[in-house]
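[1] Provided below are the primary sequence and the corresponding predicted coordinates.
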Amino acid sequence: MNASLFDSLQDRSVVICAGPGGVGKTTTAAAIAAGLAAGGQRVAVVTIDPARRLADALGLEQLTNQPELVDGNRFAGAGLKINGELWAMTLDSRRTFDELIETLSPDAQTRDQILGNRIYQQLSGAVAGTQEFTAIAKLYQLDRSGRFDVIVLDTPPSRNALDFLDAPDRLTSFFDGRALTLLLAPAGLAARALGFGSGAILGLLKRITGGELLEDLSVFFQALGSLIGGFRQRAEAVRTLLVDPRTTFVVITSPQRDSAEEAIFFVDKLRSAKMDFGALIINRVHSIGAAGRPAPTLASVASELSAQFEGPLAEKLLGSYSEALALAERDAATVERLRDETGEIEPLLIPELTGDIDDVDGLVEIHDRLFAAA
């Protein structure tokens, strides 16, 4: 097992995979989870990738909002023995938010009033940070359940992942906001400011908006008021989970300039938030020749080609080599910059692989690169 990755993930119970889009983050997260499960741990991998590629890679027809056991025999056929257990799920933000309402409601009547309210049904998917907050809330739920040794989370692209990191604070700010406070206390500040009692305010709003909508609003906010303390406590709990020493972030990127910039930006954000940066994985790296040896120069390759092939063919082959060499040099420079900017001296490098990694064989190939002997 690669010493760097092994050391980074040792004694961790939450591994959050973050990075730009289009760099193979979903399959890399699944490969990490498979490697930990192969090592004998009981692992759950959670994705919020809307493409749902993880189900295909794990051989599942679909993923649901609850963990499903992956058949270890599929990996055995590809040369990887799962000595523990590998479970997989995808996040359903709406269902997870509903579950949170059910958990925090003081009684069944309050729960039903909120879940059945049309204001809630519209608002639950629109509150800023809901998807990101529910992702961490699901992590918290799985972590507290004690069912798994490790939870591996695949996140949205890194700019969205910043919203993910800030979600607990933003959701708490929403519930602490002045507008919501006024709505929860219609007979308070707003009514007094206008010189009306609560009955006069309600009567006025009924004539303007219609009584049915106003009643929905009134029921919703009155019921929600009993949950605000619980939301604040849960937001604080999930924020604490992100900075817990048992939680680490694995940043996944590629040598493309934009992807590298986002990875550097995200690592800086992690450090400023005092969250653990565990490892850097650079996917789709182009290289020429054996590791640790310089690539042959254009002049030496031109000399060899001219001795073996006719002029036009030799020129075409030399052109192809020149393009490959330029890619390798570009990637090497970007890798060096990522080392300097992130402080990760030994990032894990995954070469450019042929085709899309959308099956178990491809997943195991990624695993082998990540967890190969040092």
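    Thanks, I have it. Numbers count the residues shown, from 1 in each chain.
[2] the bottom helix or strand of this structure by mean pLDDT?
    One helix or strand of the chain scores below all others by mean pLDDT, DSSP states H and E: helix 189-194, with a mean of 41.
[3] tell me the mean pLDDT for stretch 147-156?
    Stretch 147-156 shows a mean pLDDT of 91.
[4] can you pull the buried residues of it?
    Of all the residues in stretch 147-156, those buried under the rule 16 or more other Cβ atoms under 10 Å are 148, 149, 150, 151, 152, 153, 154, 155, 156. To be clear about C-beta, it is placed using only N, CA and C from the backbone, and glycine gets the same treatment.
[5] Could you verify my assumption that the first one touches residue 141?
    Right, residue 148. No: contact between residue 148 and residue 141 fails when scored by Cβ atoms under 8 Å: they sit 11.1 Å apart.
[6] check which helix or strand covers residue 328.
    helix 311-342 (DSSP states H and E).
[7] Mind giving me the packing neighbours of that helix?
    Where contact means 3 or more Cβ pairs under 8 Å, 6 or more residues apart in numbering; DSSP states H and E, helix 311-342 is packed against helix 257-272, strand 277-285, helix 298-308.
[8] From residue 73, how far off is the residue positioned nearest the centre of the chain?
    With distances taken as Cα atoms, centre = their mean, residue 155 lies nearest the centre of the chain, 1.1 Å away. Residue 155 is 29 Å from residue 73, where distance means Cβ to Cβ, to the nearest Å.
[9] before we move on, what about residue 304?
    47 Å.
[10] In terms of neighbours, single out the busier of those two.
    residue 304 (14 against 10; other Cβ atoms under 10 Å).
[11] per-residue confidence for the more buried one?
    pLDDT, residue 304: 88.
[12] So it versus residue 370, what's the distance?
    From residue 304 to residue 370 the distance is 35 Å (Cβ to Cβ).
[13] What of residue 117?
    Applying Cβ to Cβ to residue 117 and residue 370 gives a distance of 47 Å.
[14] Then residue 22?
    Going from residue 22 to residue 370 by Cβ to Cβ gives 19 Å.
[15] Ok, residue 262 next?
    21 Å.
[16] any idea of the mean pLDDT in stretch 217-229?
    Rounded mean pLDDT across stretch 217-229 is 75.
[17] tell me which residues of that stretch are tucked away?
    217, 219, 220, 221, 223, 224, 225, 227, 228.
[18] One more: stretch 302-318?
    Judged by neighbour count (16+ other Cβ under 10 Å), stretch 302-318 contains these buried residues: 302, 305, 314, 317, 318.
[19] in the stretch 101-250 of the chain, which spans are strands?
    Residue ranges of the strands in the stretch 101-250 of the chain, as given by DSSP state E, counting those that start in this stretch, are 150-157, 247-253.
[20] pLDDT below threshold where in the stretch 1-150 of the chain?
    The stretch 1-150 of the chain contains residues with pLDDT under 70 at 1-4, 49-54, 123-131.
[21] At which residues are the helices of it located?
    3-9, 25-38, 53-58, 72-77, 93-104, 108-115, 118-123, 130-145 (DSSP state H, counting those that start in this stretch).
[22] hey, which of those is tucked in deepest?
    For the helices of the stretch 1-150 of the chain, the largest average neighbour count (mean count of other Cβ atoms under 10 Å) is found in helix 25-38, namely a mean of 27.
[23] hey, C-alpha coordinates of that one in PDB?
    Output of helix 25-38 as PDB, limited to C-alpha atoms (Å, rounded to 0.1, in the frame of the first residue of the first chain):
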ATOM      1  CA  LYS A  25     -13.100  12.500  -8.700                       C
ATOM      2  CA  THR A  26     -16.100  10.100  -8.500                       C
ATOM      3  CA  THR A  27     -14.200   7.000  -9.600                       C
ATOM      4  CA  THR A  28     -11.200   8.000  -7.500                       C
ATOM      5  CA  ALA A  29     -13.400   8.300  -4.400                       C
ATOM      6  CA  ALA A  30     -14.900   4.800  -5.200                       C
ATOM      7  CA  ALA A  31     -11.400   3.400  -5.700                       C
ATOM      8  CA  ILE A  32     -10.300   4.800  -2.300                       C
ATOM      9  CA  ALA A  33     -13.300   3.300  -0.700                       C
ATOM     10  CA  ALA A  34     -12.600  -0.100  -2.400                       C
ATOM     11  CA  GLY A  35      -9.000   0.000  -1.100                       C
ATOM     12  CA  LEU A  36     -10.100   0.600   2.400                       C
ATOM     13  CA  ALA A  37     -12.700  -2.100   2.200                       C
ATOM     14  CA  ALA A  38     -10.000  -4.500   0.700                       C
END
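[24] before we move on, back to that, next, work out how far apart the residue nearest to the centre of the chain and residue 13 are.
    Residue 155 is 17 Å from residue 13, by Cβ to Cβ.
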